[in-house]
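> A structural model of the following input is requested.
(one chain, ligands or ions: 1)
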Amino acid sequence: MNDPFSIGRRGLMLVLSSPSGAGKTTISREILANDDNIEMSVSMTTRPPRRGEVDGKDYNFTDMESFNLMVNRREFLEYAKVFDNYYGTPSGPVLDVLASGRDILFDIDWQGTQQLAEKAGDDLVSIFILPPSMMDLEHRLKTRAQDSAEVVARRMAKASDEVTHYAEYDYIIVNYDIADSVAKVSAILMAERLRRERQVGLGEFVKGLRQGR
Ligand code: 5GP
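Below you'll find the predicted structure:
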């Protein structure tokens, strides 16, 4: 089988990870709204929808049986168990976006990022978002009012493990302010798109310059 990630320059894969509640969903939405060259990877999950979440947009909600079927058919680029539920990135849509020369944004955890890093190599750019403080994180989880007190408590307990994974990421942003963090993610995206190895046809371009074009 051909390695789908070794074909010339394709779009890059931008991963945003953080403990739940650190603001990455809001940051992702802003990036997508302001940039036409990046699309969101919509994950499959066995988690039930939260209030306000839209099937097919926030996630593709599914059951354990269908999820397992996709695992067995190797239809996931990566998948992991997070809290009590399974989450996975279906390969098909990601490969379509990359083949069209556009970028793709992933909101996935550190386990998924490790799996993607193995598959995508240099095509992967990873950003870890840290909360300014644990108190701030708890406040955000409580005020988003989508989860029960028990779920919030479990997410807080997990956050302290999750933040230790910051060292596996290319870039770290402490989310003091959403607009400021969005600007930082945009700057990273712009710089990464300009990397020499991501631009095809540079040799020909420079040859043209030397010929007096
Ligand atoms: P939530 O239930 O709050 O939407 O997501 C819980 C965690 O699962 C978040 O850290 C989120 O980034 C992660 N997650 C969402 N989709 C995926 C996925 O497809 N793969 C992996 N590995 N993690 C995911």
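
> and the spatially closest residue to M40 that is not a sequence neighbour, what helix or strand is that in?
Spatially, and ignoring its direct neighbours in sequence, M40 is nearest to L105 (5.2 Å; CB to CB, 6 or more residues apart in numbering). Glycine gets a C-beta too; all of them are placed from N, C-alpha and C. Following DSSP states H and E, one finds L105 within strand 103-107.

> Over to D96?
Using DSSP H and E, D96 sits within helix 91-99.

> same question, A159
helix 149-162.

> buried ones in that helix?
The neighbour-count check on helix 149-162 (16 or more other CB atoms under 10 Å) flags V152, R155, M156, A159, E162 as buried.

> Please tell me I have it right and the first one contacts H139.
What it means is V152. No. Applying CB atoms under 8 Å, one finds V152 not in contact with H139, separated by 10.3 Å.

> remind me which residues of the protein are low pLDDT?
1-10, 145 (pLDDT under 70).

> Give the full set of residues in contact with the closest residue to the ligand within it.
Proximity of the chain to the ligand (CB to the nearest ligand atom) peaks at G112, 2.5 Å away. By CB atoms under 8 Å, 6 or more residues apart in numbering, the contact set of G112 is V15, E78, Y79, A80, Y87, T89, F106.

> secondary structure element for the second one?
Secondary structure assigned from DSSP H and E places E78 in strand 76-82.

> May I see the buried residues of that strand?
F76, L77, E78, Y79, A80, V82.

> out of those, which touch the ligand?
Near the ligand, judged by CB under 6 Å from any ligand atom, the entries from the buried residues of strand 76-82 are E78, A80, V82.

> What is the nearest of those to R210?
Among those, E78 lies closest to R210 (CB to CB), at 43.8 Å.

> you'd agree that closest one is up against G88?
Yes. Between E78 and G88 there is a contact under CB under 8 Å: 6.7 Å.

> roughly how far apart are R29 and Q211?
To Q211, R29 is 46 Å away according to CB to CB, to the nearest Å.

> ah, wrong one, I meant F67
On the measure of CB to CB, F67 and Q211 end up 56 Å apart.

> More neighbours: which of those two?
Between F67 and Q211, counting by other CB atoms under 10 Å, F67 is the more crowded of the two (21 against 7).

> That one sits in which helix or strand?
F67 belongs to helix 64-72, assigned by DSSP H and E.

> beta partners for the residue most central in space within the chain?
Nearest to the mean C-alpha position of the chain, by CA atoms, centre = their mean, lies F106 at 2.0 Å. Counting by DSSP bridges, F106 forms beta bridges with V15.

> what's it in contact with, if anything?
M13, L14, V15, L16, S41, T89, G112, T113, L116.

> any idea whether G21 is helix, strand or coil?
State at G21, reduced to three classes by DSSP: H, G, I helix; E, B strand; the rest coil: coil.

> which residue packs closest to it, ignoring adjacent ones?
That would be L141: by CB to CB, 6+ apart, it lies 4.0 Å from G21.

> And G23, by the same measure?
N175 (4.5 Å).
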